[in-house]
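In: Mind folding the following:
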Amino acid sequence: MIGRRFLGECRFLLQPKNLQPKNLLMPKTRTQKQEIVSELADKVRRMKSVVFTSISGYTMEDADALRAKGRKEKVEAVVAKKTLLLRAFKDAGIDVPEELFDGSILTTFGFEDEVAPAKIMATFGKDRELIKIIGGILEGKIVDAKSIKTLAKLPSKKELYGKLIGSINSPLSGLVQVLAGNLRGLVNVLNAMKEKKAIA
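Out: As a prediction, this is how the structure comes out:
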């Protein structure tokens, strides 16, 4: 199956020992490479946005922390050979300049929220000097690190939904109060009419 072969080269987050150049450069068959490229290209086609991060000094603790954050936000981080990664993006219709990649690269895919990968990686790299955002892709276009960092400061979809619901609830609450007031007035009128008939 594709899964096992794919995991050999490009896992959700590779173990630190596998980030060593000698392991990343282990020879693969043409079929295995094509399978990796195909699976990566599928991620590219489904993504909302992507963040590229230089991960020199990446540790097991880093991998565990990022995995936990990514799982909650529907974000997937992948380490793969640059040649295969570039080919996957090209197959998906996006030309990524080769010079953008320097050293070991972590590619973070966001499948539901365009802002999530930027937010996660900006927070993740805050206390890790050797882990730096180098760029990304938004709406099918290459953007620089500055743009990704700016994107990270925007509200997430969840936050926007929360604000939207809050703004909707406010006038609704007022409307309910108005309606309740009118209904209370109507009840008072009906009760008055009832009492008047009883007296009559």
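
In: What's the mean pLDDT across the helix or strand harbouring Lys119?
Out: In this assignment (DSSP states H and E), Lys119 forms part of helix 116-124. Throughout helix 116-124, pLDDT has a mean value of 91.

In: Export the next helix-or-strand element following that helix to CSV, keeping only CA atoms.
Out: For helix 116-124, the following helix or strand on the C-terminal side (DSSP H and E) is strand 131-138. Written as CSV, here are the backbone C-alpha positions of strand 131-138 (Å, rounded to 0.1, in the frame of the first residue of the first chain):
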residue,chain,number,x,y,z
ILE,A,131,12.9,27.0,13.5
LYS,A,132,12.0,29.8,11.2
ILE,A,133,9.1,30.5,8.8
ILE,A,134,10.6,31.1,5.3
GLY,A,135,7.4,31.5,3.2
GLY,A,136,4.2,29.8,2.2
ILE,A,137,1.3,29.6,-0.2
LEU,A,138,-2.0,31.4,0.0
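
In: who does the one helix or strand Ile36 maps to touch, helix- and strand-wise?
Out: Ile36 belongs to helix 30-46 when elements are defined using DSSP H and E. Here helix 30-46 touches helix 2-9, strand 75-79, helix 82-91, strand 105-110, going by 3 or more Cβ pairs under 8 Å, 6 or more residues apart in numbering; DSSP states H and E. (C-beta placed from N, C-alpha, C; glycine too.)

In: Looking at those, spot the one closest to Gln34.
Out: Closest to Gln34 of those, according to Cβ to Cβ: helix 82-91, at 9.1 Å.

In: Just the angle for that closest one relative to strand 131-138, thanks.
Out: Put simply, helix 82-91 runs at 20 degrees to strand 131-138, going by axes from the mean of the first three to the mean of the last three Cα atoms, to 10 degrees.
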